[in-house]
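Participant: Sequence and predicted structure are below.
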Amino acid sequence: QVQLVESGGGLVQAGGSLRLSCAASGRTFSSYAMGWFRQAPGKEREFVAGISWSGASTVYADSVKGRFTISRDNAKNTVYLQMNSLKPEDTAVYYCAARTGGGAYYTSSYNYWGQGTQVTVSS
């Protein structure tokens, strides 16, 4: 069982940066691959970034590639999402999630989800 709590969201101007954190409970955090997703009003939840259990492998949605960076610190049971050059279209609730198998891009692959943190980018 893993419990996930996101933090770090807020209001930022276009071009600004935010760093999201996702703190996980449990002693088996390092055995989970992690992902960040987002959901804007009226839209489906979409994949943003994923990272393997070791942190050696990362993947990104094309819309954030080159602007966002996912990382993890297994000693702190935390995964991060550094978001730079933010755009108004990045506005959404951001969720972190944990999975034990493959399928980084798909919501159905993830076993555990956090409650989300709001990110609002003003133009």
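Facilitator: In hand now; what should we look at?
Participant: ok, A24 - contacts?
Facilitator: When the contact criterion is CB atoms under 8 Å, 6 or more residues apart in numbering, the partners of A24 are V2, Q3, L4, V5, Y32, N77, T78, V79, A98. All C-beta atoms are positioned from the backbone trio N, CA, C, and that covers glycine.
Participant: quick one: which of those is nearest L20?
Facilitator: V79 (8.8 Å; CB to CB).
Participant: what's the closest non-adjacent residue to the residue nearest the centre of the chain?
Facilitator: The C-alpha lying nearest the average C-alpha coordinate of the chain belongs to W36 (CA atoms, centre = their mean; 2.3 Å). Of all residues not flanking W36 in the chain, V48 sits nearest, at 4.3 Å (CB to CB, 6 or more residues apart in numbering).
Participant: Which element, helix or strand, includes that neighbour?
Facilitator: strand 46-51 (DSSP states H and E).
Participant: now do Y94
Facilitator: strand 92-99.
Participant: Now whatever helix or strand comes next after that strand: average pLDDT?
Facilitator: Next helix or strand after strand 92-99 toward the C-terminus (DSSP H and E): strand 112-113. Averaged across strand 112-113, pLDDT comes to 96.
Participant: Can you give the strand pairings for strand 112-113, parallel or anti for each?
Facilitator: Strand 112-113 pairs in its sheet with strand 92-99 (antiparallel), by DSSP bridges.
Participant: buried sites along the partner strand?
Facilitator: A92, V93, Y94, Y95, C96, A97, A98, R99 (16 or more other CB atoms under 10 Å).
Participant: Now pLDDT and distance to L86 too, for these, in CSV please.
Facilitator: Below are those laid out as CSV (pLDDT from 0 to 100; distance: CB to CB, whole Å):
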residue, pLDDT, distance to L86
A92, 98, 11
V93, 98, 15
Y94, 98, 12
Y95, 98, 17
C96, 98, 18
A97, 98, 21
A98, 96, 25
R99, 95, 26
